[in-house]
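> Okay, structure incoming, though there's no sequence with it:
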Ligand SMILES: [Zn+2]
Ligand SMILES: [Zn+2]
């Protein structure tokens, strides 16, 4: 699994960070998924190997501008590039109206079809040969979702020596046994494929959260995920000093939930622009310090164009693009 951050700022861009957006794909498959599309996403894409031709699915957490204002330009450029294959957009209600209103006003007729899908709590939105993607509610206003990518479990290793020893004919029969089916051979024997395969390999789980003020509410969904990507808009000390009601999480809140849920790798993102410069004695590095004070897994701060591989063992590694 490969992840590349296209934007990692909250609310407004900074010189180093554009607005929330993340490209994801399975390493063996050129088709890819986009999670949120803040301003600047299509500009960042120019520095990656993700191509417009292979963009098939866009998941939107919610309709705040810092997560969708990049959509208009990106969808228009996909058209300019001559891509005619259909595109799927998964989002809370309103995305179709938003896009169609803008395209009408700017007189843009796309030469491809957009299929709109409405996200809802616990809803299975997409199933590919590799994985299922479901939507889960975030605590935020307006309606907001995070997306769980659950890779399919795979059958364990096929014991070909055992099959040969027992004179089971190779070919299609082996393929059936490998997938765990029970078959009847031409000599009348009934064979259970599960007796010829090792322990099933559990698929990886990744949760890509939207804006969320209550990471604890996600604990049942993110339990033991291999990777959680979640916002950490503020430092706890700034939150504690403020009288405002917050719609976002601190690094401490997110890291505490990740620790409780046994999350293996945590990437924090969606940072307030106030941490772009060292001001009043704090900056972005304090986010990491705050998070690792409570979270004992592998914790990273996202940056624009940072790219990672989550390997089959669930290890998160840098991905030189
Ligand atoms: Zn946001
Ligand atoms: Zn928001």
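Cool, the structure landed. Just so it is clear, the structure is predicted and the values come from calculations on it, not from any experiment. Numbering: from 1, shown residues only. Ligands and ions are numbered 1, 2, ... in the order given.

> Tell me who's in contact with residue 25.
1-2, 31-33, 50, 54 (Cβ atoms under 8 Å, 6 or more residues apart in numbering). (C-beta placed from N, C-alpha, C; glycine too.)

> Closest one of those residues to residue 203?
Nearest to residue 203 among the contacts of residue 25 is residue 1, at 10.3 Å by Cβ to Cβ.

> what pLDDT does that closest one get?
Per-residue pLDDT puts residue 1 at 97.

> What of residue 190?
So residue 190 comes in at 92 (pLDDT).

> Isn't residue 316 up against residue 310?
Yes. Counting by Cβ atoms under 8 Å, residue 310 is a contact partner of residue 316 at 5.4 Å.

> and the gap between the most far-flung residue of the chain relative to its centre and ligand 2?
Most distant from the centre of the chain: residue 187, at 49.0 Å, with distances by Cα atoms, centre = their mean. Going from residue 187 to ligand 2 by Cβ to the ion, to the nearest Å gives 64 Å.

> My understanding was that residue 287 contacts residue 275; is that so?
Yes. Counting by Cβ under 8 Å, residue 287 touches residue 275, with 6.9 Å between them.

> between these two, what contacts are shared?
Joint contacts of residue 287 and residue 275 (Cβ under 8 Å, 6+ apart) are residue 235.

> rewinding a little: just the buried ones out of the contacts of residue 25, please.
1-2, 31-33, 50 (16 or more other Cβ atoms under 10 Å).

> Show me those residues that map onto strands.
2, 32-33 (DSSP state E).

> which one of the contacts of residue 25 is nearest residue 129?
Closest to residue 129, out of all of those and judged by Cβ to Cβ, is residue 31, at 10.3 Å.

> how far away is the closest one from residue 57?
Using Cβ to Cβ, to the nearest Å, we find residue 31 at a distance of 8 Å from residue 57.

> one step back: take the contacts of residue 25 and write them to TSV, including distance to residue 123.
Below are those laid out as TSV (distance: Cβ to Cβ, whole Å):
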residue	distance to residue 123
1	22
2	25
31	21
32	21
33	16
50	26
54	25
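
> Which pLDDT does the model give residue 315?
Confidence score, pLDDT, at residue 315: 97.

> Can you give me the neighbour number for it?
12 (other Cβ atoms under 10 Å).

> residues contacting the most centrally placed residue in the chain?
By Cα atoms, centre = their mean, the chain has its centre lying nearest to residue 208, at 4.2 Å. Taking Cβ under 8 Å, 6+ apart, we find residue 208 in contact with 22, 24, 35, 59, 146-147, 149, 229.

> cool, residue 236 as well?
250-253, 290.

> Counting neighbours, which of those residues comes out on top?
residue 251 leads these on contacts (other Cβ under 10 Å) with 31 neighbours.

> Next, the contact list for that residue, please.
Contacts of residue 251 by Cβ under 8 Å, 6+ apart are 232, 234-236, 268, 287-288, 290-291.

> With residue 137 as the reference, measure out to it.
22 Å.

> just to revisit the earlier point, can you add distance to ligand 1, secondary structure and pLDDT and give the contacts of residue 251 back as a markdown table?
Putting those into a markdown table (distance: Cβ to the ion, whole Å; DSSP: H, G, I helix; E, B strand; the rest coil; pLDDT from 0 to 100) gives the following:
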| residue | distance to ligand 1 | secondary structure | pLDDT |
| --- | --- | --- | --- |
| 232 | 12 | coil | 97 |
| 234 | 12 | strand | 93 |
| 235 | 17 | coil | 93 |
| 236 | 19 | helix | 94 |
| 268 | 14 | strand | 98 |
| 287 | 16 | helix | 94 |
| 288 | 20 | helix | 96 |
| 290 | 19 | helix | 97 |
| 291 | 19 | helix | 98 |
